[in-house]
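# Fold the following and give me the result.
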Amino acid sequence: MRTHTTRTTTRLTLALALTTTLFAAGCGSEKVEGSTVPKPTASKDSPAPSNSRAQQVADAWDGSKAAEAYRSGYYPLGDSTPPPSDGFHSDDDKIAHMLENYLLRGELPTTAPKEGKVKWAGGESLTLPLRDARQTYTAMDRVDSPTDPQLTVTSAKLGEMSIVTSRGPATVPAWLFTLEGYDEPLRRVALEPSKLPKPPIERASGGRTTRDGLEELGQLVEVSEDGRSVTVVAYHGSCDDGPAVDALETDGSVVLSASIVGGNTGKICTMELRGEKVTVKLDRPLGDRVLLDAFMGRPLPN
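Numbers count the residues shown, from 1 in each chain. As a prediction, the model looks like this:
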């Protein structure tokens, strides 16, 4: 198992209704109103957790019917709503995009084709149901919070965009949303991904963490254009040194194993779950290999 991990400086703090709760016990176990919530950690000097679990996941997927079905579908690995090519004009706009927080001031098209086509560079294509403008906007506007920064949408039209997929770069239908104050529209993929095949292996036992410190990953953020690195969201707490992600590479798959580094500092900690972007460098381009979460035993959600 080769480990090439880079943590970005941007931390996505996910306040899961626990952010402001303080507990006086050490970080190894948190007591909240009489209940005890275990918090597994990994030592700085310990090896990557569950190497055997990653190998089990790889063995189950490599050459399986699930892998064959996965390679015949449409699974985006890139950003479904990329920022404008020249970036956002302000930090508030960046935050609104990160939060997926939008305000609609205008009319959206009420008609659209029922289907759209994914087109790959090699000439292959796949026809899938197409979301209309309202469905796409609703999927994009996940927060809808007037008290946080918002990007204002004034209109939309159907177009296309490029996106990295599990089968390589593709051109897909997209709704182009006009943003107030911007010349370039914001693109949002207008297709649903294919249904995932049933995994050939069950998820690891336990809650979010196994006994040896294997953690459930969050989501896939992006795969680099050259396919040599993947960025994911990994979780950790407030009294540790952050997450680590290791990659087990085979000819048919790349299995990512997440863990938490450090902990048990004796500090008083806030009981919160933090998500952090972690970039993992691969020995060779991802290509059509299946990108898997060792904990869940299935492809990472995007």
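# Please make it C-alpha for all contacts and neighbour counts, starting now.
Will do.
# and the nearest residue to residue 125 once chain neighbours are set aside, what does it touch?
Distance criterion CA to CA, 6 or more residues apart in numbering; nearest residue to residue 125, sequence neighbours excluded, is residue 119 at 4.5 Å. Residue 119 makes contact with 125-126, 170-172 under the criterion CA atoms under 8 Å, 6 or more residues apart in numbering.
# and the gap between residue 119 and residue 170?
Shown here: residue 119 relative to residue 170, a distance of 5 Å by CA to CA, to the nearest Å.
# now do residue 293
Going from residue 293 to residue 170 by CA to CA gives 24 Å.
# Residue 296 now?
27 Å.
# swap in residue 229?
In terms of CA to CA, residue 229 sits 18 Å off from residue 170.
# what comes into contact with the longest helix along the chain?
Across the chain, the helix with the greatest residue count (assigned by DSSP state H) is helix 51-61. Applying CA under 8 Å, 6+ apart, the contact partners of helix 51-61 are 1, 67, 199-201, 248, 250, 252-257, 292, 294-295, 297.
# Identify each buried residue in that helix, please.
By 16 or more other CA atoms under 10 Å, the buried positions in helix 51-61 come out as 51, 53-55, 57-61.
# Nearest to residue 241 among those residues?
Set against residue 241, the nearest of the buried residues of helix 51-61 by CA to CA is residue 51 (21.1 Å).
# What confidence value was assigned to residue 284?
On the pLDDT scale, residue 284 is placed at 96.
# meant to ask about residue 212
pLDDT recorded at residue 212 is 69.
# Next: residue 267.
Looking at residue 267, the pLDDT reads 65.
# swap in residue 46?
At residue 46, pLDDT is 42.
# residue ranges for the helices of the stretch 1-150 of the chain, please.
For the stretch 1-150 of the chain, the helices defined by DSSP state H, counting those that start in this stretch occupy 51-61, 65-71, 91-99, 133-140.
# Hmm, I typed the wrong one, I wanted the stretch 201-302 of the chain.
Going by DSSP H, counting those that start in this stretch, the stretch 201-302 of the chain shows no helices.
# which residues of it score low on pLDDT?
Along the stretch 201-302 of the chain, segments meeting pLDDT under 70 span 207-212, 237-238, 240, 263-271.
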